[in-house]
Structures are given as structure tokens and as C-alpha cells.
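> for reference, the sequence and a predicted model appear below.
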Amino acid sequence: MSFENRLGQLLKDEDPYASGPDPVPIIAAARRRRARRRAGTGAAVVAVALVCGATAVTAGNARHVGQVAGDAGAAMTPSAGSARITPTAAPLTPTATPVYPTDRFPTPAPLQRSPVKQVAAGEKVELAPNVRVSVTPTESCQDTINPTTGAYSGKACTNVPAAPDMPQDRPGISMQFNDTSGGIIVYSYYRGPTPARIVLFVGGRPTLATLLTTPGMERWVGYYAALPPGDPRPGTMVPAVGAYDADGRLLAGSAGHTANGLKEQPPAVF
């Protein structure tokens, strides 16, 4: 006996004298309508699940549509332990860096500064076995030895701030040298803004001089240098000398001449 017939029989047994239509067809029709509604709802849910990429039916095991929808939602929600895929740009292809020969573009050598020797006022500095020099806040002095007697011939000093051989309207530099058994010793003074370097030139070859200072000097310094061995002897040449600022610009210069009599000037920039 079907479910509808059984339910109709039970209703008739409860009230055998009740009038009205037979309940069996009514129950059967209601059951069919409910089945059609459930089928429509299930089809809609399955369509949503399929759009989301979920599988409603696995091999050998049909699952309830509600469960399928739940699984599809879980598949769309990242869990705490799942790896998140982040889109990244494609790596750039490295290109070769052009290399140029460095000897075509040599790096300029840094400009050297003259070393500075600071002494007490009047302290003697021996530049060679027969040459001693000293400075005070206003004077540049030199002692020399008489080659015959071996005694110092006395101290010759110059009042540099009032020196007559210095120009009064611009920086100036003096130059004097001694021919010694150890080579040519140059010693003199410069007046003007403090130079970064003083350089001597013989045939274009530079020699960096040492600055000689003492506390209390104002706008002048002494300087000295030993020319390299092999340079022509005095009488056949006179060194050129230049005082330069930190940017290499000439502050003051004194011309010389080479061994063959050509005039030599210190360069304007060094």
C-alpha cells in the first residue's frame, strides 16, 4: 500500500462519517508539488556550486546538494594554514653593463698639500750640513757655514711683512737657494693668504716644498725644499716656484730658467 493510500485510510478510520473529497488524491497531489519544489531548489544550488568550481557528485557517492554548497564555500575560503598565491611581476632580464677602458678616462690624482712644520720662534732647523734656517712671527732667517773655516758666517734675516721685494697689492713669493754637497737646497718665504702648497719646477718637473711656521705669523710662511739629485747646478738654471690655493690656482709665482737658458714659469693651475 502506498503512503498516500495508507494516510487516507487512517483519516477515514479516525472519522468514518466525515463528508468531503477523498483525501488520498489530495495528499498525492501535495506530495508531487513538494517534490517539484525541492527539485527546483536543488538544481539552483547545484548550478551555483558548479560555477564556483565545486563537484556536486563524486565517483560512487552522491552527496546532498546542501553539503555540496557547504564544501564549495569552504573551498573558496582560505584557511589559516593554506598558502596564499600572490601574483608577481615577471623578473627583469639582466642586461650587461658596458665597460669602458679606464685608461681612456683616467681619474685625476688628488692635489697634494704641502707638509707643514711648526717650530718655536727662533728655533733653528738644519736643512743641510751647512744650512740652518729659523723663523719668528715677523722674520725669516738663514745661517750658512763658511766652507773654508767651517764656521757659521752669521744670520741673515728679512722682515717679511715689510720686505721691499714683495708686492704690496697682491701675494708675492721670494726664492733663494744654496748649492750644498748634498744637493740644491731652496729656502725662502711667501706673503699672502695661506697657501695649500708651494711647488718648485725644474724643466717642468715639480717638487713639493714644506711650509715652515711659528705661532704669531700673519699672512706669511717660510718654505724649504731639497731638489732631486741630478738637477742642473746653480748658475746653469734657476728653479721656478709657485704658491697655490686649495683649488690649484696660482696665488703667486717667481719665474726661473732652465739649464739651456729657456725661461720657465710656474703653471697657472697645478
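Sure, I can see it. Numbers count the residues shown, from 1 in each chain.
> which residues in the stretch 101-250 of the chain form strands?
116-118, 125-128, 131-135, 139-145, 152-159, 172-173, 177-180, 183-191, 197-202, 205-208, 210-213, 220-226, 240-244, 250-254 (DSSP state E, counting those that start in this stretch).
> between those strands, which one is closest to residue 263.
strand 240-244 (8.6 Å; C-beta to C-beta). Every residue, glycine included, has its C-beta placed from N, CA and C.
> export the strands of the stretch 101-250 of the chain to TSV and tack on mean pLDDT, mean neighbour count and distance to residue 269?
Listed next are these as TSV, based on pLDDT from 0 to 100; neighbours: other C-beta atoms under 10 Å; distance: least, C-beta to C-beta, whole Å:
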stretch	mean pLDDT	mean neighbour count	distance to residue 269
strand 116-118	97	13	22
strand 125-128	90	16	29
strand 131-135	92	22	29
strand 139-145	87	19	27
strand 152-159	83	13	29
strand 172-173	97	22	16
strand 177-180	80	16	25
strand 183-191	92	22	18
strand 197-202	94	24	11
strand 205-208	92	15	13
strand 210-213	97	20	20
strand 220-226	96	24	19
strand 240-244	97	26	8
strand 250-254	97	20	7
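> compile these into a markdown table and extend it with columns for distance to residue 165.
A markdown table is the format used below for those (distance: least, C-beta to C-beta, whole Å):
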| stretch | distance to residue 165 |
| --- | --- |
| strand 116-118 | 24 |
| strand 125-128 | 21 |
| strand 131-135 | 17 |
| strand 139-145 | 12 |
| strand 152-159 | 9 |
| strand 172-173 | 8 |
| strand 177-180 | 15 |
| strand 183-191 | 10 |
| strand 197-202 | 17 |
| strand 205-208 | 22 |
| strand 210-213 | 18 |
| strand 220-226 | 13 |
| strand 240-244 | 14 |
| strand 250-254 | 10 |
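> closest one to residue 262 among the ones you listed?
Among the strands of the stretch 101-250 of the chain, strand 240-244 sits nearest to residue 262 (C-beta to C-beta), with 10.9 Å.
> strand partners (parallel or antiparallel) of the closest one?
In the sheet, strand 240-244 lines up against strand 197-202 (antiparallel), strand 250-254 (antiparallel) (DSSP bridges).
> select the helix or strand of this structure having the lowest average pLDDT value.
Every helix and strand of the chain was ranked by mean pLDDT, DSSP states H and E. The lowest is strand 57-58, at a mean of 39.
> ok, back up a step: tell me which of the strands of the stretch 101-250 of the chain lies nearest to residue 268.
strand 250-254 (5.0 Å).
> can you add distance to residue 244 and give the strands paired with strand 240-244 back as JSON lines?
Below are the strands paired with strand 240-244 laid out as JSON lines (distance: least, C-beta to C-beta, whole Å):
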{"stretch": "strand 197-202", "distance to residue 244": "5"}
{"stretch": "strand 250-254", "distance to residue 244": "6"}
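> go through the ones you listed and name the closest to residue 176.
strand 250-254 (10.1 Å).
> and the closest residue to residue 198 other than its chain neighbours, how many neighbours?
Spatial nearest neighbour of residue 198, excluding adjacent residues (C-beta to C-beta, 6 or more residues apart in numbering): residue 209 at 4.2 Å. By other C-beta atoms under 10 Å, 26 other residues sit near residue 209.
> just checking, residue 209 touches residue 116?
No - applying C-beta atoms under 8 Å as the test, residue 209 and residue 116 come out as separate, 10.7 Å apart.
> so what sits against both of these two?
With contacts taken as C-beta atoms under 8 Å, 6 or more residues apart in numbering, residue 209 and residue 116 have no neighbour in common.
> distance between the ends of stretch 198-217?
17 Å (C-alpha to C-alpha, to the nearest Å).
> let me fix that: stretch 162-171
The first and final residues of stretch 162-171 sit 13 Å from each other (C-alpha to C-alpha).
> just the pLDDT for residue 70.
Confidence at residue 70, expressed as pLDDT, is 45.
> swap in residue 192?
What the model reports as pLDDT for residue 192 is 96.
> how many neighbours does it have?
For residue 192, using other C-beta under 10 Å, the count is 18.
> same check, this time on the one 4 residues further on
Residues near residue 196, counting by other C-beta under 10 Å, number 18.
> what's the answer for residue 167, then?
Considering only other C-beta under 10 Å, residue 167 is surrounded by 12 other residues.
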